[in-house]
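A.B. asks: prediction below, plus the sequence it came from.
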Amino acid sequence: MKVTGVTCHILQSKVEKPFVSARGWVYATRASCIVEITTDEGITGWGECYGPAAVNRTLIETQYAPRVIGRDPFDVEVVWEDLYNRIKDYGAQGFSITALSGIDIALWDIMGRAMAKPIHKLIGGAYRRSVQAYATGLYFIDMDRLVEEAVEEALAYKEQGFRAIKMKIGLGDPKLDFRRVAAVREAIGPDVALAVDANHCFSVPQAIRLGRMLEPLDLLWFEEPISPEDHAGYAEVTRTLDMAIAGGENDFTRWGFRDIIATKAMDIVQPDVCAAGGISELRKIATLASAFGVECVPHAWGSAIGLAATVQFLAALPDQPPAFRPLPPMLEFEQTPNPLGDLLATVPIVQRQGIVTVPDGPGLGIEIDREILNRFKVA
């Protein structure tokens with residue numbers, strides 16, 4: 001089998017109700033670079049790249065596609081190393097890796113389709129047939145009802161059956177952040193896990209101050225408290241606070257995670273399959289984390305393709321650590337408006353009572369709806 005074509009589709013959809021993160025960014029549209037790889041045997045694979053779609057497309061079309069065409073998809077690791085070494089002199093992280101991630105995912109999808117097996121069967125087998133999902137939401141929408149809207153949204157997720165929720169913090173006033181988180185904790189009760197995500201908006205002293213305020217609220221983790229470049233600062237926050245510190249969605253490849261994991265700068269690493277290097281590289285990052293006793297809970301943010309790739313990876317990820325009553329890794333299940341996640345697959349991945357069944361179809365386990373692809377495709 002040989003690769004005959006690499007096509008990038010830029011998809012974009014408007015968000016009906018814009019939302020704001022701790023960085024102050026207003027999300028009014030959702031966009032993604034979707035990678036389609038075709039072969040001489042009529043098998044097509046799909047991948048997704050994290051981040052600005054046009055940049056990923058340019059990197060793939062100018063740097064990667066010519067080196068992928070003519071290759072055997074089953075040489076996926078060989079292809080990965082070739083592409084990485086092509087750009088490592090000037091792009092060992094960032095967009096060059098997000099673009100590489102989309103290609104890698106598509107090659108794994110091709111292999112699974114060729115073997116009539118889901119990807120999780122190709123990377124070690126299923127530790128689980130379903131995964132517990134946590135609802136990611138509680139962004140900032142109505143600035144006059146920040147506490148009330150958070151409580152209402154959290155209660156809606158609890159009513160849907162979610163047993164874990166992640167909410168945004170980073171309002172500039174630690175007292176307001178605390179009041180908002182405390183109100184949600186009181187509303188959902190002690191039996192629903194609650195995590196907070198600051199999108200790296202704090203300094204180390206600010207993160208520690210707010211973290212100490214939040215410690216009594218029994219949080220699942222404190223995500224991205226500080227800038228992703230500051231690994232020493234992460235270690236300081238992790239050592240100081242009596243709660244799990246998570247991060248890593250903005251880190252790339254095994255080399256980018258190596259020192260974070262080896263020094264235990266974070267309790268939980270969160271590589272994104274569409275950003276950190278694809279399925280090939282996430283396997284290595286997770287193995288490295290396991291060797292050092294660091295938990296791996298992948299980040300997920302994107303279309304149905306990225307979600308499917310994350311679910312396939314989680315199915316094959318061992319419990320951390322193994323135990324009589326283990327705590328298996330959870331799936332991030334975003335709740336913000338996203339037609340690319342809801343409509344792109346002919347049969348979407350859904351949660352029922354906070355549980356997502358692992359697709360057992362070939363490759364990613366989903367089929368792409370080309371009508372939807374064309375509807376959201378932009379020039």
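C.D. replies: Looks like it arrived, so ask away.
A.B. asks: over to residue 320. Which of the three states is it?
C.D. replies: Three-state assignment for residue 320 (DSSP: H, G, I helix; E, B strand; the rest coil): coil.
A.B. asks: now do stretch 201-216: everything it contacts.
C.D. replies: With C-beta atoms under 8 Å, 6 or more residues apart in numbering as the test, stretch 201-216 has contacts from 22-23, 169-170, 174, 177-178, 181, 196, 198, 222, 225-226, 230, 233, 236-237, 240-243. To be clear about C-beta, it is placed using only N, CA and C from the backbone, and glycine gets the same treatment.
A.B. asks: which of those residues fall in strands?
C.D. replies: Mapping those onto strands (DSSP state E) picks out 196, 222.
A.B. asks: narrow the contacts of stretch 201-216 to just the buried residues.
C.D. replies: Among the contacts of stretch 201-216, those classed as buried by neighbour count (16 or more other C-beta atoms under 10 Å) are 22, 169-170, 174, 177-178, 181, 196, 198, 222, 225-226, 230, 233, 236-237, 241, 243.
A.B. asks: among these, which are in helices?
C.D. replies: Secondary-structure check on the buried ones among the contacts of stretch 201-216 using DSSP state H: residues within helices are 174, 177-178, 181, 233, 236-237.
A.B. asks: dump the residue contacts of residue 283.
C.D. replies: With contacts defined as C-beta under 8 Å, 6+ apart, the neighbours of residue 283 are 123, 313.
A.B. asks: one more time with 7 Å
C.D. replies: residue 123 (C-beta atoms under 7 Å, 6 or more residues apart in numbering).
A.B. asks: where's it, which helix or strand?
C.D. replies: Element membership of residue 283, judged by DSSP states H and E, is helix 278-291.
A.B. asks: whatever helix or strand comes next after that helix: partners in the sheet, and parallel or antiparallel?
C.D. replies: Sequence order places strand 295-296 as the next helix or strand after helix 278-291, per DSSP H and E. Strand 295-296 sits in its sheet next to strand 268-269 (parallel), going by DSSP bridges.
A.B. asks: what lies in contact with the strand it pairs with?
C.D. replies: Identification of contacts with strand 268-269 by C-beta under 7 Å, 6+ apart yields 221, 244, 246, 248, 257, 260-261, 285, 289, 294-297.
A.B. asks: could I get the ones in helices among the buried ones among the contacts of stretch 201-216 in a markdown table, plus columns for distance to residue 117 and pLDDT?
C.D. replies: Output for these, formatted as a markdown table (distance: C-beta to C-beta, whole Å; pLDDT from 0 to 100):
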| residue | distance to residue 117 | pLDDT |
| --- | --- | --- |
| 174 | 50 | 95 |
| 177 | 46 | 97 |
| 178 | 48 | 98 |
| 181 | 43 | 98 |
| 233 | 43 | 98 |
| 236 | 45 | 98 |
| 237 | 42 | 98 |
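A.B. asks: okay, domains of this protein per the record?
C.D. replies: Annotated domains of the chain cover 3-116+370-376, 121-357 [automatic domain parsing].
A.B. asks: can you lay out these as CSV showing distance to residue 363?
C.D. replies: Shown next, in CSV, are these (distance: least, C-beta to C-beta, whole Å):
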stretch, distance to residue 363
domain 3-116+370-376, 3
domain 121-357, 8
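A.B. asks: distance between stretch 320-340 and the chain's centre?
C.D. replies: On the basis of C-alpha atoms, centre = their mean, to the nearest Å, stretch 320-340 is displaced by 10 Å from the centre of the chain it belongs to.
A.B. asks: what does stretch 122-138 give?
C.D. replies: With C-alpha atoms, centre = their mean, you get 12 Å for stretch 122-138.
A.B. asks: residues making contact with it?
C.D. replies: Contacts for stretch 122-138 (C-beta under 7 Å, 6+ apart): 111-112, 115, 120, 150, 153-154, 157, 162-168, 279, 283, 311, 314-319, 328, 330-336, 351, 354-358.
A.B. asks: list the ones among those residues that fall in strands.
C.D. replies: 164-168, 331-334, 355-357.
A.B. asks: mind giving me the PyMOL select for those residues, buried ones only?
C.D. replies: To isolate the buried ones among those in PyMOL, judged by 16+ other C-beta under 10 Å, type:
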select buried, resi 164+165+166+167+168+331+332+333+334+356
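A.B. asks: name the nearest of the ones in strands among the contacts of stretch 122-138 relative to residue 303.
C.D. replies: Comparing the ones in strands among the contacts of stretch 122-138 against residue 303 with C-beta to C-beta places residue 334 closest, at 10.8 Å.
A.B. asks: hmm, residue 302 and that closest one touching each other?
C.D. replies: No - between residue 334 and residue 302 there is no contact under C-beta atoms under 7 Å: 8.6 Å.
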